[in-house]
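S.K.: only geometry, no sequence info:
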């Protein structure tokens, strides 16, 4: 399973159905440097778990539905230096919480964060605020057993199974750690 992949340093779960329980299992089992949990319905409770990922440096939490209380959890993520918040409603209270993350070097903003940009540049003068035209933190990567970048990830409720899919390949990751590869037919052109 994914939790047994000790050399994993980048994990992109964007758009998946990752649950709080899945994140808790992963937090205790792996050490990732880059974590993408964008557009997964991220909540304050999710950030509470994510803040305790040891060695986390880059976080894409775009699309998160969080409050200042959730962002406050990130104060525990001492190694966090880059964060993407496209589509996150940056209320004045949330911006104030980001100001406590003095170690931040880059914040990737969305198009609607004009007021937040001004306030963040005042509160975090050493932090680079990057507009949405720049590439995201997590570039598409081709993982072992796939031929194109991953498009979907699926967890079982207990966190033990993981399936990953690209445009041509579906991989099932059984608990024993042996991957099963199924080639998907190419779509007609």
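M.R.: Received it, and whenever you're ready, just let me know what you need. A quick note: this is a predicted structure, and the numbers were derived from the prediction, not measured.

S.K.: can you count the residues close to the closest residue to residue 33 other than its chain neighbours?
M.R.: Among residues not flanking residue 33 along the chain, residue 9 sits closest, at 4.5 Å (C-beta to C-beta, 6 or more residues apart in numbering). Placement of C-beta: from N, CA and C, glycine included. For residue 9, the neighbour count with other C-beta atoms under 10 Å is 13.

S.K.: list the contacts for residue 9?
M.R.: By C-beta atoms under 8 Å, 6 or more residues apart in numbering, the contact list for residue 9 reads 31-34.

S.K.: out of the residues you listed, who has the most neighbours?
M.R.: In those, the most neighbours by other C-beta under 10 Å go to residue 32, 21 neighbours.

S.K.: Would you quantify the distance from it to residue 83?
M.R.: 14 Å (C-beta to C-beta, to the nearest Å).

S.K.: ok, residue 77 to residue 115 distance?
M.R.: To residue 115, residue 77 is 25 Å away according to C-beta to C-beta.

S.K.: what about the two, which has more around it?
M.R.: With neighbours defined as other C-beta under 10 Å, residue 77 and residue 115 compare such that residue 77 has more, 21 against 12.

S.K.: That one - nearest residue in space that isn't next to it in sequence?
M.R.: Nearest one to residue 77, counting by C-beta to C-beta, 6+ apart, is residue 51 at 4.7 Å.

S.K.: Over to residue 45?
M.R.: residue 20 (5.6 Å).

S.K.: if I read this right, that neighbour contacts residue 49, doesn't it?
M.R.: Yes: between residue 20 and residue 49 a contact is recorded at 6.3 Å, counting by C-beta atoms under 8 Å.

S.K.: Comparing the two, which residue is more hemmed in?
M.R.: residue 49 (19 against 13).

S.K.: Would it be right to say that the more buried one lies in a strand?
M.R.: No: assignment of residue 49 by DSSP: H, G, I helix; E, B strand; the rest coil gives helix, placing it outside any strand.

S.K.: residues near the closest residue in space to it that isn't next to it in sequence, how many?
M.R.: Nearest non-adjacent residue to residue 49, counting by C-beta to C-beta, 6+ apart: residue 23, 4.5 Å away. Counted with other C-beta under 10 Å, the neighbours of residue 23 add up to 25.

S.K.: In three-state terms, how would residue 23 be classified?
M.R.: Under three-state DSSP, the three-state class of residue 23 is helix.

S.K.: so who does it touch?
M.R.: Contacts of residue 23 by C-beta under 8 Å, 6+ apart are 37, 46, 49-50.

S.K.: now do residue 121
M.R.: Residue 121 makes contacts with 127, 129, as judged by C-beta under 8 Å, 6+ apart.
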